[in-house]
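J.: Below: sequence and its predicted model.
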Amino acid sequence: MKAIPYGRQEITEEDIRAVIEALQSEFLTQGPRILKFEQEFAEYVGANFAIAVSNGTAALHLSVLALGIKEDEYVICSPITFAASVNCVKYCGGNILFADIDPTTYLMDIESVKSVLESNTDKKIVGIIPVDFAGRVVQLDEFKKLANQHGLWILEDSCHSPGGFFIDSAGENQKAGNGNFADASIFSFHPVKHIATGEGGMITTNNENLYQKLMELRTHGITRNPLKFENSIAFANGNSNLDGLDYPLWYMEMQSLGYNYRITDFQAALGSSQLLRADKNLERRRQIALRYSKELSDCKGVIHSSGIIEGHAYHLYVLEVVDRRGLYDFLRSEQIFAQIHYIPVHLMPFYKHQGWKEGDFPNAETYYSRCISIPMFPSMSDNEQSFVIEKIINYYLI
């Protein structure tokens, strides 16, 4: 059996043709394929606006910048996430407070968030970053009520959950990133994610003012919209004695401190091509998850698993197991490359130096001590999955 990674991109002939066509066109970057991908993705998740960027971390950074945060302000996030979900606040000079996870869902526990709010009334808390960990979508309608009570914004980290949804209190399916409850949502197009563009990311929102701000921040804080220009037409034309002219076509203004977080046209072409089979691939992920759930449910070494939940996007299939290190090493010896998601962010040395310590979030820390992500990707064959299941079961029979 060849090596089986925990995640892997799938590149089809259609994907290759789409990229070649983009490479042979007039544009390598800032061309029409970017807007096309943005519009298609916005429609896919049900949002009004989408902004494509260079990666998921850039999406987080720009979103926090656009939502606004000051050095004396705080944002609440889960410790079970990739560090970028938290670092984006630090990039902008803000501060982090963590809330523990629910040990069943692995998502940030709203009761823990309430406790953080109640015990930190001396701090100016301005936002919440819920993470759709492993593909399970946060119950955002409940978080929205809490955010409204405290005047907080919500930035949904949906990197694991394109196409996933939660069911709201009215019984309606609410897709990750649709903008109905979060001020903005972000996605990643890293190769192991649902849609791969090499590197790349997306921000979705229903707020037009936020959208316009994000568009400027993506490109150095520059605007080409004459309605927003602050300098005079005479200055723009290079001659203060000129009157009655329009702003010249070359003119632009940097009105804020932005970044170069643009995506390329050929990446956008790949994204559009991959988006065409997003639902098919999501269904395949659910089939793989269903089989894992059925065949590993009685395995004596498995304590808990991702299981089968309606709306779960299954970026990862996570097991909590006894003897996690032993299983991890055994699987590697069999060319099965599982992964650990994640080391709790509050125990990374950078955050420990800011005062966080072991014991602060027991649910997150217990989860980390026994979690392992087993292979999950749409092109995974039935034989490959059988091999993974067989080796896990056999390990605990030894």
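T.: Noted; the coordinates are in hand.

J.: Check this protein for its longest helix and report it.
T.: Identified as the longest helix of the chain according to DSSP state H is helix 278-296.

J.: Name the residues of that helix that are buried.
T.: 278, 281-282, 284-286, 288-289, 292, 295-296 (16 or more other CB atoms under 10 Å). Every C-beta, even on glycine, is put in place using the N, C-alpha and C of the backbone.

J.: Tabulate those residues in a markdown table, adding columns for pLDDT and distance to Y317.
T.: Listed next are these as a markdown table, based on pLDDT from 0 to 100; distance: CB to CB, whole Å:
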| residue | pLDDT | distance to Y317 |
| --- | --- | --- |
| A278 | 98 | 18 |
| N281 | 98 | 15 |
| L282 | 98 | 14 |
| R284 | 98 | 12 |
| R285 | 98 | 8 |
| R286 | 98 | 10 |
| I288 | 98 | 7 |
| A289 | 98 | 5 |
| Y292 | 98 | 5 |
| E295 | 97 | 12 |
| L296 | 97 | 9 |
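
J.: mind giving me a markdown table with these and columns for distance to M1?
T.: Listed next are the buried residues of helix 278-296 as a markdown table, based on distance: CB to CB, whole Å:
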| residue | distance to M1 |
| --- | --- |
| A278 | 28 |
| N281 | 23 |
| L282 | 26 |
| R284 | 20 |
| R285 | 21 |
| R286 | 24 |
| I288 | 17 |
| A289 | 21 |
| Y292 | 17 |
| E295 | 17 |
| L296 | 18 |
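
J.: what's the closest of these to Y91?
T.: When these are compared for distance to Y91 (CB to CB), A278 wins out at 29.6 Å.

J.: How much space separates the closest one from A170?
T.: Separation of A278 from A170 (CB to CB, to the nearest Å): 26 Å.

J.: how about the residue nearest to P191 when sequence neighbours are not counted, what does it touch?
T.: Among residues not flanking P191 along the chain, Q9 sits closest, at 4.0 Å (CB to CB, 6 or more residues apart in numbering). Q9 makes contact with 191-192, 196, 377, according to CB atoms under 8 Å, 6 or more residues apart in numbering.

J.: May I have the phi/psi pair for the one residue sitting closest to the centre of the chain?
T.: Note on the chain: the residue nearest the mean C-alpha position is C159, at 2.1 Å, using CA atoms, centre = their mean. Phi and psi for C159, reported as degrees, to the nearest 10, are phi -60, psi -30.

J.: What's the local residue count around the closest residue to it other than its chain neighbours?
T.: Excluding its sequence neighbours, the residue lying closest to C159 (CB to CB, 6+ apart) is S188, at 4.0 Å. Per other CB atoms under 10 Å, the neighbour tally for S188 reads 30.
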